[in-house]
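# Structure of the sequence below:
(2 chains)
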Amino acid sequence: MATEVKVPTLGESVTEATIAKWYKKVGDAVAADEPIVELETDKVTVEVNAPVAGAIVELVAGEGDEVEVGALIAMIKEGAEGAAPAKEEKAEAPEESKKEEPKKEEPKKEEAKPAAAPAASAPAASTSANTDHPLPPAVRKLVEDKNLDPSKIPATGKDGRLTKGDVLNFLEGGGSAPRAAAAAPAAPAAPKPERELREGEERVKMSKLRQTIARRLKEAQNTAAMLTTYNEVDMTNLLACRNQYKDGFEKKHGVKLGFMSFFIKACTTALNEWPAVNAEIDGNSFIYKNYCDIGVAVGTPQGLVVPVIRSAEKKTFADLESTIVDFGKRARDGKLGMDEMTGGSFTISNGGVFGSLLSSPILNAPQSGILGMHKTQMRPVAIDGKVEIRPMMYLALSYDHRIIDGREAVSFLVRVKECIENPERILLDI
Amino acid sequence: MSENYDVVVIGGGPGGYVCAIRAAQLGLKVACVEKRGALGGTCLNVGCIPSKALLHSSHLFEEASEHFDTHGIEVSKPKVNLEKMMARKDKVVDSNVKGIEFLFKKNKVTYVKGAGEITSPTSVKVALLDGGEETLNAKNIVIATGSEVTPLPGVEIDEKNIVSSTGALTLPKVPKKMVVIGAGVIGLELGSVWRRLGAEVTVVEFLDRILPGMDGELVKQTQRIFAKQGLDFKLGHKVTSAKTTKSGVTLTVEPSKGGDAEELKADVVLVAIGRRPYTTGLGLDKVGVELDERGRVKTDEYFQTNIGGIFAIGDTIVGPMLAHKAEEDGVALAEMIAGEEGHVDYGKVPGVVYTWPEVASVGKTEEQLKEEGVEYAVGKFPFTANGRAKAMESTDGFVKLLEDQKTHRVVGAHIVGPAAGDLIAEVVLAMEYGASAEDIARTCHAHPALGETVKEAALDAGKRAIHM
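Purely as a prediction, here's the structure:
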């Protein structure tokens, strides 16, 4: 009996993924819970593990294919040892019939499209309904009563037809496939014909992740009344504090004392005083939050990801530092979970690690503020009428002017500056 | 003398001849070996066809004897001319058999009359009926030799007083008293035939229910209907021995669980406890083809035996021992051999009992669904509420549909009533397409027709039958 491998639930409002990479090919043995494929979604890459031990008998989708949540992507024959069929091959196989011995574990390598499931297996959920067929009466009624688009519902009936169960299960799962395109998901407009390449040019298709990042950046820009206010911060005291305590900190907590914990704490202090910066616009209302879920932007080879530190205001410096180290490692390994990347209320981005002196970050929708940290550079500054060389960092706060007014934005940033310049302010809440 | 074939099918029954014809349609060179002297296998010669012929003849006789009066048709008491009835049956069989021969000619299937023996994975030696031998070289060999009657130890079949279904189809006269051993499909059908023609029939069954394997509620109702017709049942009993005397047969019968024995006397005893795969004389042990513990040829889901190039279908392998299942096997295998896909879903093979009323079933029983822990809905509709059935004076029975509540697919149907065997076809088709009860209910059914009962049962599954 073959076991089905399906695309798992990927996170709220995530309905599809791209097959990024198959770790196994047909005929390979797999252990239970061994990862067999890497899926790429809007936000993250996710591995799918084999539900049972056995051998891969079929890969239903290929690398680069888009698959929907719940779609069948592979078949595993339980217990089978790899691809070698146990029965003796017929030496006297006829020449004319191209496959006179019905297929065993070998796939139909000649076929480009995914093969129909092997004889004994149960019907598989295709990626979407084949709407060439007339709808069965009960399906037609449901689709009309609930105003659904049948082509968007995963189908398990014969030849990709929809069954009543398919529609009911789709509705139960909170699916909605409105027929009249209401708020159309940000799909690309009618695709332009790709332009021809000139000598020396190379076309590289954007990964799913990158396409989504691109889309969300534009969405943020197009939605919020976004602008940036700047300030600078004298890092002298922070550096001194850090130097004084870093050894003891690492000895006690087992993690290095960096700057991020200070910045996060400075932000939570300021966010507490300027709640608009921590809030969100929803329709015609503002949603204020009494927690600070701070997203910390991490660069990975695949692109920028922003894992979220929940209730950062309640966490200790050690917690913050170790969480960030863990996020960084897992982000680079592609092992961040979907739930770790959603729902932040404010974001901190550090362009300084790459050498940026000053920049204007883009908002992480639907948040209303984002703090940009930059490179600390020794600069001459005027202190009490004298020129002194101080380690200075520019700070940038991009914000949504629809919810945060100029005074609030500037004051928030000033407060962050104060807390960094004199870290004891965080402790004293002053 | 030897010829080369793509496929050699051994056995010309429904599995074999259909496999041969399909393979030929797909362009393969096919030979079919049959030793009976007639094509059509058990089904056409000593099974399905002759029994249905007698069932219809005897049904008409009973209608004329018992029910014409209700319709205001007054006839004097009809008599049975058994010789004429049997002759008609033989004519029906003969025309079917000739029909298959014609189909073979039309499709250019070589019909080899003789007993086939597999001498290697690529050759079949045939002892010809006319004398002599012929060797057929085959790229693929299909075992389609069907089944034989399962013997009952202690009750030896002589096809005179103690008969199998074969003998029961050719009795020289209507027995006064008949005992049928086995309340399965064959026992009930043939028991019905002779009861209608005037015999006193008692059916002895080892289990405490008739029609083993069928839905519990269905068989309970069915038994009640048959009992009303005058069929006598002795359930939960087994026959341990039989003695044939001048006056007939004396059977020793005791409770299945053990207990006091009693004697049962009859003129004719029909042994109908089942059938078993028939693979004698094929040379399977020499070639190395493996059988399972029930004597069935071991095959995988591609009908392939453990020897490459040798396949088996129909009654010789697992699955319901039904002619139409063998046909499906035959088609699927022929298509696979020709390089296409082939698949038979044994869960969607209907089973029919051609008594009157007929009994028909497909898919899961309620007992199976309960055991599997499946949440299901039931839709039922009695024939008493169907206009056509009332007009036909055939209101015994009901239609029951079972629908899985997770998938909303119909997973089983059980019918006892007029033309149940034809009514079930709609549900089989619906199940093939994963239809829900509502799909059937929203399909227009002609009125006034027996088929409306299926529609109403479907409505009842959704608790909204109109005519009940």
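
# which parts of stretch B:59-75 are buried?
Counting neighbours by 16 or more other C-beta atoms under 10 Å in any protein chain shown, one finds that the buried residues in stretch B:59-75 are B:59, B:61, B:62, B:63, B:65. Using the backbone N, CA and C atoms, a C-beta is placed for each residue, glycine as well.

# Can you get me a residue count around residue 277?
You didn't say which chain, so I picked chain A. 28 (other C-beta atoms under 10 Å in any protein chain shown).

# wait, I meant chain B there
The criterion is other C-beta under 10 Å. On that basis, residue B:277 has 23 neighbouring residues.

# Quick check: phi and psi at it.
Taking degrees, to the nearest 10, you get phi -60, psi 140 for the backbone angles of residue B:277.

# just residue A:140 next, same as before
Main-chain dihedrals, residue A:140, degrees, to the nearest 10: phi -60, psi -40.

# Buried residues, stretch A:245-265. List them.
Buried residues in stretch A:245-265, counting neighbours by 16+ other C-beta under 10 Å, are found at A:249, A:255, A:257, A:258, A:259, A:260, A:261, A:262, A:263, A:264, A:265.

# okay but the last one is in contact with residue A:426, surely?
Spelled out, that is residue A:265. Yes - if you go by C-beta atoms under 8 Å, residue A:265 and residue A:426 touch, sitting 4.9 Å apart.

# Any chance you could list residues touching both of those two?
Taking C-beta atoms under 8 Å, 6 or more residues apart in numbering or on different chains as the criterion, residue A:265 and residue A:426 both touch residue A:419.

# tell me the domain ranges of the chain?
You didn't say which chain, so I picked chain A. Per automatic domain parsing, the structural domains of chain A span A:2-116, A:119-187, A:225-428.

# Hmm, no, I was thinking of chain B.
B:4-58+B:81-149+B:276-338, B:162-273, B:351-462 (the TED database).

# ok so, going back, format the domains of chain A as TSV; extra columns: mean pLDDT and distance to chain B.
As requested, the domains of chain A are exported to TSV (pLDDT from 0 to 100; distance: least, C-beta to the nearest C-beta, whole Å):
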stretch	mean pLDDT	distance to chain B
domain A:2-116	67	4
domain A:119-187	74	3
domain A:225-428	92	27
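
# Show me the one of the ones you listed that comes nearest residue B:19.
domain A:2-116 (14.0 Å; C-beta to C-beta).

# out of the buried residues of stretch A:245-265, which are inside helices?
A:249, A:260, A:261, A:262, A:263, A:264, A:265 (DSSP state H).

# got those as a markdown table, with distance to residue A:392 columns?
Shown next, in a markdown table, are those (distance: C-beta to C-beta, whole Å):
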| residue | distance to residue A:392 |
| --- | --- |
| A:249 | 24 |
| A:260 | 18 |
| A:261 | 20 |
| A:262 | 16 |
| A:263 | 15 |
| A:264 | 20 |
| A:265 | 20 |
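
# which parts of the stretch 151-300 of chain B sit against chain A?
Within the stretch 151-300 of chain B, the positions lying close to chain A (C-beta under 8 Å from any C-beta of the partner chain) are residue B:300.

# from the stretch 151-300 of chain B, which residue is nearest to chain A?
Per C-beta to the nearest C-beta, residue B:300 is where the stretch 151-300 of chain B lies closest to chain A, at 7.9 Å.

# Can you give me the distance of that residue to residue B:306?
Going from residue B:300 to residue B:306 by C-beta to C-beta, to the nearest Å gives 9 Å.

# Equivalent analysis for residue A:205, please.
49 Å.

# what's the burial count for residue A:316?
Residue A:316: 11 surrounding residues under other C-beta under 10 Å.

# check contacts around it.
By C-beta under 8 Å, 6+ apart, no residues touch residue A:316.

# now swap in the one 5 residues further on and tell me
Applying C-beta under 8 Å, 6+ apart, one finds that residue A:321 lies in contact with A:253, A:255, A:256, A:257, A:258, A:260, A:261.

# again, only this time at 6 Å
Applying C-beta atoms under 6 Å, 6 or more residues apart in numbering or on different chains to residue A:321 gives the contacts A:255, A:258, A:261.

# helix, strand or coil for it?
helix (DSSP: H, G, I helix; E, B strand; the rest coil).

# Skip the chain neighbours and tell me the closest residue to it.
Nearest non-adjacent residue to residue A:321, counting by C-beta to C-beta, 6 or more residues apart in numbering or on different chains: residue A:255, 4.7 Å away.

# Next, find the distance separating the one you found from residue A:319.
From residue A:255 across to residue A:319, the span is 9 Å (C-beta to C-beta).

# Residue B:433 now?
57 Å.

# can you tell me the average pLDDT over stretch B:126-144?
Averaged across stretch B:126-144, pLDDT comes to 96.

# Tell me, how many residues neighbour residue B:445?
Neighbours of residue B:445 under the rule other C-beta under 10 Å: 16.

# For it, what are phi and psi?
Given degrees, to the nearest 10, the pair of backbone angles that residue B:445 has is phi -110, psi 140.

# so which strand or helix has the residue nearest to it when sequence neighbours are not counted?
Sequence neighbours aside, residue B:455 is the residue nearest to residue B:445 in space, at 4.3 Å (criterion: C-beta to C-beta, 6+ apart). Under the criterion of DSSP states H and E, residue B:455 resides in helix B:452-461.

# One more: residue B:377?
Under the criterion DSSP H and E, the helix or strand holding residue B:377 is strand B:376-382.

# counting contacts, what elements does that strand pack onto?
Contact here means 3 or more C-beta pairs under 6 Å, 6 or more residues apart in numbering or on different chains; DSSP states H and E; on that basis strand B:376-382 packs against strand B:398-404, helix B:452-461.

# Export these as a markdown table, with columns for mean pLDDT.
Listed next are those as a markdown table, based on pLDDT from 0 to 100:
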| stretch | mean pLDDT |
| --- | --- |
| strand B:398-404 | 98 |
| helix B:452-461 | 97 |
